[in-house]
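Asker: I'll drop the sequence and a predicted model, then ask my questions.
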Amino acid sequence: MVEVGKPAPEFSLLDPQGKTVTLAGLKGSPVVLYFYPKDDTSGCTKEACAFRDAIGEYKKAGAKVIGISPDPVASHVKFIKKYELPFPLLADTEKAACEAYGVWKEKSMYGRKYMGVERTTFVIDARGIVRKIFPKVKVDGHADAVLEAVRAATL
């Protein structure tokens, strides 16, 4: 279980260039790790574009924004190109990071139960400590709320 004030779980996932990204490799900067269900769907697109539109403010705060979903690298490449996303999306096809962060959960739609990603964002400080968790994210206004948490975590 991921908790505020505790180290964030390590992960090792592929970025759109096929390079391995690890949490340890990101230390030294605050990290916004946002888990989302699926590339190029309405809520996920809205969330990604909100982070894209605020990226200048995140960079001013010294933070790196990274999205993670179970989609494969090829899907991420298309999504990034289509919406000109200026941050990496990592492919968690084995759902190892989703499970480590506790976001792979049973969901329900129209009475049908299935497993999927519960939209969740983690703000991790430069030392790898979780500073804020946004569970069950509602997309509207989320990028702004996360930015405030980043600024608070870097004080």
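Answerer: It's in.
Asker: tell me where the chain has strands.
Answerer: With DSSP state E, the ranges of strands along the chain come out as 12-14, 20-22, 31-35, 64-69, 89-91, 104-109, 112-117, 120-124, 130-134.
Asker: note down every partner strand of the last one and its orientation.
Answerer: It stands for strand 130-134. Within its sheet, and counting by DSSP bridges, strand 130-134 is paired with strand 120-124 (antiparallel).
Asker: helices or strands up against the one helix or strand in the chain whose mean pLDDT sits lowest?
Answerer: One helix or strand of the chain scores below all others by mean pLDDT, DSSP states H and E: strand 104-109, with a mean of 88. Helices and strands touching strand 104-109, as assessed by 3 or more Cβ pairs under 8 Å, 6 or more residues apart in numbering; DSSP states H and E, comprise strand 112-117. For every residue, glycine as well, the C-beta is placed using N, CA and C.
Asker: hey, what's the angle from the strand it packs on to strand 64-69? Just curious.
Answerer: Between the axis of strand 112-117 and that of strand 64-69 there is an angle of 150 degrees, by axes from the mean of the first three to the mean of the last three Cα atoms, to 10 degrees.
Asker: average pLDDT for strand 112-117, rounded please.
Answerer: The pLDDT scores in strand 112-117 average 92.
Asker: spatially nearest residue to the most centrally placed residue in the chain (excluding sequence neighbours)?
Answerer: The central residue of the chain, meaning the one whose C-alpha is nearest the mean C-alpha position (Cα atoms, centre = their mean), is Tyr34 at 1.6 Å. Leaving aside its chain neighbours, Tyr34 sits nearest to Thr121 (4.3 Å; criterion: Cβ to Cβ, 6 or more residues apart in numbering).
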